[in-house]
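Participant: got a sequence here, can you model it:
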Amino acid sequence: MTISKAEEQKAGAMYTSPYMAEFYDVYWKDFFSTSQDNAVYANQLQIVRDQTPSNSPLLVLDVCTGSGRIIQGLTSRTQDENDRKIHFIGLDIAEDMINRAQNLLPPTSEAAMTTSWVVGSALDMRTSLAAIIPKQKVDLITIAFGSISHFHEDGQPEQFLREVAQLLRPGTGRAAISFVSTFVNTDVPICLPGETQTPEMPSKQFPGIYYQETALEPSAGNSVYLDRREVAVIKVDSEGNRKVLSKQEVNTPFRMFSEEKIHAMVKQAGLRIVEIVTIPEEYIWVVQLL
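Facilitator: Sure thing, here's the model as predicted:
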């Protein structure tokens, strides 16, 4: 199959309700509980801390933050370190994900008071963040779990990297960019593992709500793989009566990259690669300004 224009327009429209925002966390809970990525980003933050004056506040930007998993992990590691002020910003284009992220941090916690949540595009970050960081440069930019692959249209990954270059602090600023290994150096047809239909997954936020996902036939175009799913939101009342509240088709695009392409994009954006960290399922490319 090839990817139609209508499918491209629907791609990324997954988290357009509080139900769908929670579904993301419920579905990926087990995977993220064993992921090593947060430790990698924490190490990059420590490197930046060590290379900047102790009296200089730090700014960390998590792009495509979703429900704020990376920021939650980083703040939990830094909350007892009072020698440095660190401000975190979570940026995501989906308002329901940002609302969920904000609600997951206890409102009176130190993490909540040092974190800003912004609805905006990763392809125009300077505009989205202008009110928060009109002059200050960013010390660490993270974009987790291969989210750069969702910038699937021609020129979008390059635009994102140009935005990164404009925001990073010269000298010490770093960006840690995750690529899912499945979509790097792909020379065979992609077949992602997964059941045809998942068991019903109970909500923790909404009483009586269950989620069920059904895999649909994926599409493949030039350098883009489109994963297609249907997610049902099911309400079960106290008497066991069931009602399907909604069914939403979820189309998630993944642009495929070669290592040569990544190197070229990084260089064209005025960045250089300082480290490539390999963890299960991912390559995390760490870049700085030239």
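Participant: might you report the residue contacts of Phe32?
Facilitator: Residues in contact with Phe32 (Cβ atoms under 8 Å, 6 or more residues apart in numbering) are Arg69. In this view, the C-beta of every residue, glycine as well, is placed from N, C-alpha and C.
Participant: tell me the mean pLDDT for the strand or helix carrying it?
Facilitator: Using DSSP states H and E, Phe32 maps to helix 18-34. Across helix 18-34, the average pLDDT comes to 94.
Participant: how about stretch 163-181?
Facilitator: Rounded mean pLDDT across stretch 163-181 is 96.
Participant: and what of stretch 246-263?
Facilitator: 92.
Participant: first-to-last residue distance for that stretch?
Facilitator: End-to-end span of stretch 246-263 (Cα to Cα, to the nearest Å): 43 Å.
Participant: next, the buried residues of that stretch.
Facilitator: 248, 250-257, 261-262 (16 or more other Cβ atoms under 10 Å).
Participant: tell me where the stretch 1-150 of the chain has helices.
Facilitator: Using DSSP state H, counting those that start in this stretch, the helices of the stretch 1-150 of the chain run over 5-10, 18-34, 37-51, 69-78, 95-104, 110-113, 125-128.
Participant: kindly apply the preceding question to the stretch 151-290 of the chain instead.
Facilitator: Under DSSP H, counting those that start in this stretch, the stretch 151-290 of the chain gives helices at 156-167, 259-268.
Participant: so which of the helices of the stretch 1-150 of the chain is nearest Val274?
Facilitator: Val274 sits nearest to helix 37-51 of all the helices of the stretch 1-150 of the chain, at 9.4 Å, using Cβ to Cβ.
Participant: got the buried residues for the closest one?
Facilitator: Using 16+ other Cβ under 10 Å as the burial criterion, the residues of helix 37-51 that qualify are 37-38, 40-42, 44-45, 47-49.
Participant: need the mean per-residue confidence for stretch 143-156.
Facilitator: Computed over stretch 143-156, the mean pLDDT rounds to 95.
Participant: I would like the residues contacting it, please.
Facilitator: Here stretch 143-156 makes contact (Cβ under 8 Å, 6+ apart) with 8, 11-12, 35, 37, 41, 62-64, 69-70, 122-123, 157, 159-160, 175-180, 183, 224, 252-257, 282.
Participant: could you do stretch 121-129 as well?
Facilitator: Stretch 121-129 is contacted from outside by 61, 63-64, 89, 91, 93, 118-120, 143, 147, 151, 156, 159-160, 163-164, 166-167, using Cβ under 8 Å, 6+ apart.
Participant: next, give phi and psi for the residue sitting nearest the centre point of the chain.
Facilitator: Nearest to the geometric centre of the chain sits Cys64, at 3.8 Å (Cα atoms, centre = their mean). Taking degrees, to the nearest 10, you get phi 50, psi 50 for the backbone angles of Cys64.
Participant: wouldn't it be in contact with Asp92 here?
Facilitator: Yes. Using Cβ atoms under 8 Å as the test, Cys64 is close enough to Asp92 to be in contact (5.9 Å).
Participant: which non-adjacent residue is nearest Glu282?
Facilitator: Ser178 (5.1 Å; Cβ to Cβ, 6 or more residues apart in numbering).
Participant: how far away is Tyr24 from Leu59?
Facilitator: Distance, Tyr24 to Leu59, using Cβ to Cβ, to the nearest Å: 26 Å.
Participant: and Arg174, by the same measure?
Facilitator: For Arg174, the distance to Leu59 (Cβ to Cβ) stands at 12 Å.
Participant: touching both of those two, which residues are there?
Facilitator: Here Arg174 and Leu59 share the contacting residues 139-140, scored by Cβ under 8 Å, 6+ apart.
Participant: looking at this protein, which helix or strand is least sure?
Facilitator: The weakest-scoring helix or strand in the chain, judged by mean pLDDT, DSSP states H and E, is helix 5-10 (a mean of 40).
Participant: do you know which of the helices of the stretch 151-290 of the chain lies nearest Met97?
Facilitator: Of all those, helix 156-167 sits nearest to Met97, with 18.0 Å by Cβ to Cβ.
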